[in-house]
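Novice: Sequence first, predicted model second:
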Number of protein chains: 2
Amino acid sequence: VSMEEAMPAVFAQLDTVRAQLEAHYADMQDLEFTVQQGKLYMLQTRSGKRTAAAALRMAVEMAEEGLISRNEALLRLDPVALDQLLHPTLDPDASRTVLTQGLPASPGAASGEIVLSADRAEELAAGGKQVILVRLETSPEDIHGMHAAAGILTARGGMTSHAAVVARGMGRACVSGAGDLRFDETSGKVYIRDHELSEGDIITIDGGTGEVFSGSVKTVQPEMSGAFATVMAWADDTRRMAVRTNAETPADARTAVDFGAEGIGLCRTEHMFFDVDRIIAMREMIMAADSVGRESALAKLLPMQRRDFEELFTIMAGLPVTIRLLDPPLHEFLPHSADELAEVAAAAGITAETARQRSLKLSESNPMLGHRGCRLAVTYPEICRMQARAIFEAASNVTKGGAEAPVPEVMIPLAATAKELEICKAVIDQEAVAVAGETGISIDYLVGTMVELPRAAVCADGLAEQAEFFSFGTNDLTQTALGISRDDAGAFMHAYTDAEIYPVDPFVSIDVDGVGALVKMGAERGRSVRSDIKLGICGEHGGDPASISFFETVGLDYVSCSPYRVPAARLATAQATIRAQAETAD
Amino acid sequence: VSMEEAMPAVFAQLDTVRAQLEAHYADMQDLEFTVQQGKLYMLQTRSGKRTAAAALRMAVEMAEEGLISRNEALLRLDPVALDQLLHPTLDPDASRTVLTQGLPASPGAASGEIVLSADRAEELAAGGKQVILVRLETSPEDIHGMHAAAGILTARGGMTSHAAVVARGMGRACVSGAGDLRFDETSGKVYIRDHELSEGDIITIDGGTGEVFSGSVKTVQPEMSGAFATVMAWADDTRRMAVRTNAETPADARTAVDFGAEGIGLCRTEHMFFDVDRIIAMREMIMAADSVGRESALAKLLPMQRRDFEELFTIMAGLPVTIRLLDPPLHEFLPHSADELAEVAAAAGITAETARQRSLKLSESNPMLGHRGCRLAVTYPEICRMQARAIFEAASNVTKGGAEAPVPEVMIPLAATAKELEICKAVIDQEAVAVAGETGISIDYLVGTMVELPRAAVCADGLAEQAEFFSFGTNDLTQTALGISRDDAGAFMHAYTDAEIYPVDPFVSIDVDGVGALVKMGAERGRSVRSDIKLGICGEHGGDPASISFFETVGLDYVSCSPYRVPAARLATAQATIRAQAETAD
């Protein structure tokens, strides 16, 4: 019998209390109660848990019914949970067999045949197959396979591993650090606990929970109209900061525009060369013995870059595009295997032994603090020159084609001094003039810098004399300000967050007191010299709600994040504006 | 005929002009003149160049004769040139044959038989031979050989290479980066251009000029009384900042005290374990799989540490001794060769393969930003505990022996947050109480931190709530603030100083606008919370006159430098005080 039938008076009383509580909290309530000797005791009440989709729908309905304001509706939503709505999810009714659990590295559910190499992933995907790329861990050489795959599963690596970061950027489902995975290299088999898998066997991964399932589990496609669209429109009406995206591939740029990005805040040009057929020319350039060798490799890279930029400018259709000049951490690009060395040697016309020697000579003790960023442009201006030419030629070509004229924002990476900017800007300006002379088309552009070193923040007034915009690169700024290598933090970061030395991983949410103080200092000092300097942020923090809330207080003009975080950023920037307004009103 | 005989009238006129000019400039003059048709034309005059010894003597004489003030005498001297007076120099009259020239990495002239390995250097030196250690480059494993040698010659490495830095610290003559040097490993011969050398052949190096000579060239011993002693006494009467030394060996501490050091500002405890017979226990500790293994290795290290501290406290006789807790950049300590792995494995009771695996696991992408400094103490408090115990037991033992009670200043490295200090300080305080309970002797001590990360400078107010002193570690602060790895800067630093991006190498003279601003910020924010906080600096900049001049303006309490730079620092701090007073008077 139901409670309603067994004790109708108490049930009616409970229903009244529920209605009172839900009206009071303006939210659905989870109630705990007991009935003793016919008397109702309310034990606890709290706002009910629900799926992101339900929360969204409920907030919109309540706002439309006038129970809460639009601002209240926006504040009530968790920006991070929105991510679930952008990806396929497991059908809640589908049956499933869990094989293991790793880390929820990138949301979305995906099924497919397992493949063990990036090349094989690309091959099968080209044949129309849906595949899951399974690797011990991933590296830049796997990018094409990650693009081709529906999902990625790795045995090693945390939430900020290569696989996790790249997958989130691409919007691919990813489960990382699934420690139960073992590879038998001789037989080519994969074991998950006792479960044996061969290439072609089908698995399903849920990047939102980290679970890995046997076989194909039915998924539900995301729904981005209705309440989702309403909330996004309200957020756009409300927020002060613009939302851009970090993107360098046409696919990413399109995704981001679909998700509402208002420009590209970070196009990492070195990422354009991770592809197998391009990395050789890039390696040839890095390993050139002199400027002659470098120019020869650069000549191969120029047309590729120009095409890349043409595509991006076309997709972004007049929206701002911030292009960061080459900033390759050398260790990510140097060839390692004998095959890779042979390829580079052949391309450069040198012996494999010479290639090996040069590679050894270029290896660094601390590549994060090495010969990278604008240090490359200062020592080898021809690299900067080629990239500037590619940018201006592409912009001219797109304009000639009748499309809206792009306004490229050329960004100089890893600057610490005004002089570095002056040197690089001179090369960029020269090339702009040269290209305009050749094409007859004059392109509007900005030259600015990434503020990602503590010195740049401290000396931002000097830098602003050269730079028309700053983009705070808070990933590297966190590494240098805190003296923590993101690649090596795994050994102690858990102990650090457990001991609340940092309340959360500072690579996830900005360390407000330290890194945040430097961002604030950089913004203030920059504005003191150039009051209209454009200020943005393009680290991973650009998609993190807590960090966005801080950036609002600093008054940045925009945040830039990976494409799949754009909706979350639109909501989070709106929430930040509402909270800031409330504080001002207080 | 002399000019005096040939044209006595013109000569007399020249003598009058000379006297006028020397009185005017209060300095010996180099004159250029010509005589045409019996008429004297003065072309140019400038203060005469002279050796450091002559400059010193002349300044003292002029001050004593009242021609210039003592302050003028002090300002007229070049602190860096003093270094020449602390070491043997080549007899100017001795004949010599130059073989090649490298970099003047560490001053002093030395002759001896060449030896090609550190072990052989130690062996021959023990037999009373004077040797020059000749290496491609040096590494921490060569320290005992560098100690044993009279001088060091390397084919590779700049002014801040391992050989150069260590040699300067030890006061050994060193010529580095002598690119003409070639080693024939099969024959064991060394070639300098066409010149063939075998072990036992004698060469002479001049670390003040970088020259390398064939055979033995006669040297002149330094003279530290007379004018030198007078100038040092005047400097000591004048300067505001104290001068301490960076030292961890008894020999260095004694040298520094002889040169007038007023305490130890930086005792790098990990340097106490570079010796061959100790590095095994250190490696065992670093590579321990768990705290049981670590405690077992620490038990071997404790008595060594305690003896080290006892010696240092005894030598420093009541002067302050700042002891930095363990801060090993892992890559400097991990075993590389099979022999080294076998040694560690045997000591730890594990297989060589296990040792190799652990070593691989500990290798880092960016060791400078890795699991080091107080991160070790936070994750493995037993290391901090052992060191605190060694310090307090040593202090008790020295006090019991009737010597003046030392006041150890326990320094926590690489802190970025107040919480790290709180955690480490709790362990140190506990151990102080425990040792006092066991020995019945209560030791006065301070706990402070090294400010060597940008975050520490920015958040210095928080840190000062825990720290009783700050020592600015400007080497690492330069690396992190500028994002430049000292080990990797060679690839671009020349281009950077040539382009005046940095007017001088920022590891030689502090980058005032960037790193200096952080030091100033750290000092001000620290004082805002603890007005009597003791402030010092212990990077290489502590011995650099330009940097010292800046530290005076920040109002630091002391500078600390390597023993052989103490006299230069005494003079430079005096000059800084005089200039600061002059500016205040303006």
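Specialist: Yep, it's here.
Novice: so what's the nearest residue to residue A:576 once chain neighbours are set aside up against?
Specialist: Nearest non-adjacent residue to residue A:576, counting by C-beta to C-beta, 6 or more residues apart in numbering or on different chains: residue A:552, 3.5 Å away. Yep, even glycine has a C-beta here, placed from its N, CA and C like the rest. When contacts are counted by C-beta atoms under 8 Å, 6 or more residues apart in numbering or on different chains, residue A:552 touches A:240-241, A:573, A:576-577, A:579-580.
Novice: Show me what residue A:182 is bridged to.
Specialist: Legend: beta-bridge partners of residue A:182 under DSSP bridges are residue A:191.
Novice: For it, give its distance to residue A:66.
Specialist: Distance, residue A:182 to residue A:66, by C-beta to C-beta, to the nearest Å: 58 Å.
Novice: the more surrounded of the two?
Specialist: residue A:182 (12 against 7; other C-beta atoms under 10 Å in any protein chain shown).
Novice: Present the contacts of residue A:552 as a markdown table; the columns should include distance to residue A:439.
Specialist: Compiled in a markdown table, these are given as follows (distance: C-beta to C-beta, whole Å):
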| residue | distance to residue A:439 |
| --- | --- |
| A:240 | 38 |
| A:241 | 35 |
| A:573 | 38 |
| A:576 | 42 |
| A:577 | 42 |
| A:579 | 48 |
| A:580 | 45 |
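Novice: Which members of those are the farthest-apart pair?
Specialist: The distance between the two most remote of those (C-beta to C-beta) is 12.7 Å, for A:241 and A:579.
Novice: still on that earlier bit, among the contacts of residue A:552, which are located in helices?
Specialist: Among the contacts of residue A:552, the residues falling in helices (DSSP state H) are A:573, A:576-577, A:579-580.
Novice: out of those, which is most surrounded?
Specialist: residue A:573 (27 neighbours).
Novice: ok now do that one, which residues does it touch?
Specialist: Taking C-beta under 8 Å, 6+ apart, we find residue A:573 in contact with A:235, A:239-241, A:243, A:548, A:552, A:559.
Novice: what sits against the nearest residue to it once chain neighbours are set aside?
Specialist: Sequence neighbours aside, residue A:239 is the residue nearest to residue A:573 in space, at 4.0 Å (criterion: C-beta to C-beta, 6+ apart). By C-beta under 8 Å, 6+ apart, residue A:239 lies in contact with A:570, A:573-574, A:576-577.
Novice: how much space is there between residue A:239 and chain B?
Specialist: Per C-beta to the nearest C-beta, to the nearest Å, residue A:239 is found 29 Å from chain B.
Novice: What values do phi and psi take at that residue?
Specialist: Listed backbone geometry of residue A:239 is phi -70, psi 150, with angles given as degrees, to the nearest 10.
Novice: From residue A:351, how far out is it?
Specialist: 57 Å.
Novice: next one: residue A:289
Specialist: From residue A:289 across to residue A:351, the span is 12 Å (C-beta to C-beta).
Novice: next one: residue A:185
Specialist: According to C-beta to C-beta, residue A:185 stands 30 Å off from residue A:351.
Novice: quick one on the thing from earlier: can you give me the pLDDT of the residue nearest to residue A:573?
Specialist: Looking at residue A:239, its pLDDT reads 98.
Novice: From residue B:82, how far out is it?
Specialist: 63 Å.
Novice: the helices in the stretch 101-250 of chain A, which residues?
Specialist: If DSSP state H, counting those that start in this stretch is used as the criterion, the helices of the stretch 101-250 of chain A fall at A:118-126, A:143-148, A:162-170, A:226-238, A:250-258.
Novice: weakest of the ones you listed by average pLDDT?
Specialist: If you rank the helices of the stretch 101-250 of chain A by mean pLDDT, helix A:162-170 sits at the bottom with a mean of 85.
Novice: That helix relative to helix A:250-258, how many degrees between them?
Specialist: Put simply, helix A:162-170 runs at 50 degrees to helix A:250-258, going by axes from the mean of the first three to the mean of the last three C-alpha atoms, to 10 degrees.
Novice: Could you export helix A:162-170 as CSV, CA atoms only?
Specialist: What follows is helix A:162-170, C-alpha atoms only, in CSV (Å, rounded to 0.1, in the frame of the first residue of the first chain):
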residue,chain,number,x,y,z
HIS,A,162,48.6,14.9,-23.0
ALA,A,163,45.6,12.6,-23.8
ALA,A,164,43.3,14.4,-21.4
VAL,A,165,44.1,17.9,-22.5
VAL,A,166,44.1,17.2,-26.2
ALA,A,167,40.9,15.2,-26.0
ARG,A,168,39.1,17.9,-24.1
GLY,A,169,40.3,20.4,-26.7
MET,A,170,39.0,18.2,-29.5
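Novice: any residue of it up close to chain B?
Specialist: No. Contact between helix A:162-170 and chain B is absent, the nearest approach being 11.7 Å (criterion: C-beta under 8 Å from any C-beta of the partner chain).
Novice: Quick one: distance of that helix to the chain centre.
Specialist: Between the centre of helix A:162-170 and the centre of its chain there are 7 Å (C-alpha atoms, centre = their mean, to the nearest Å).
Novice: How about residues contacting it?
Specialist: Applying C-beta under 8 Å, 6+ apart, the contact partners of helix A:162-170 are A:103, A:105-106, A:135, A:137-140, A:143, A:146-147, A:152, A:154, A:157-158, A:173-174, A:176, A:207, A:246, A:251-252, A:540, A:562-565.
Novice: from the contacts of residue A:573, which is closest to residue A:457?
Specialist: Nearest to residue A:457 among the contacts of residue A:573 is residue A:559, at 17.5 Å by C-beta to C-beta.
Novice: Report the separation between that closest one and chain B.
Specialist: Distance of residue A:559 to chain B, computed by C-beta to the nearest C-beta: 22 Å.
Novice: Ok, residue A:195 next?
Specialist: Separation of residue A:195 from chain B (C-beta to the nearest C-beta): 27 Å.
Novice: What of residue A:445?
Specialist: To chain B, residue A:445 is 24 Å away according to C-beta to the nearest C-beta.
Novice: Could you check the pLDDT of that residue?
Specialist: At residue A:445, pLDDT is 97.
Novice: Count the residues that sit near it.
Specialist: 19.
Novice: isn't it right up against residue A:405?
Specialist: No. Using C-beta atoms under 8 Å, residue A:445 makes no contact with residue A:405, being 10.4 Å away.
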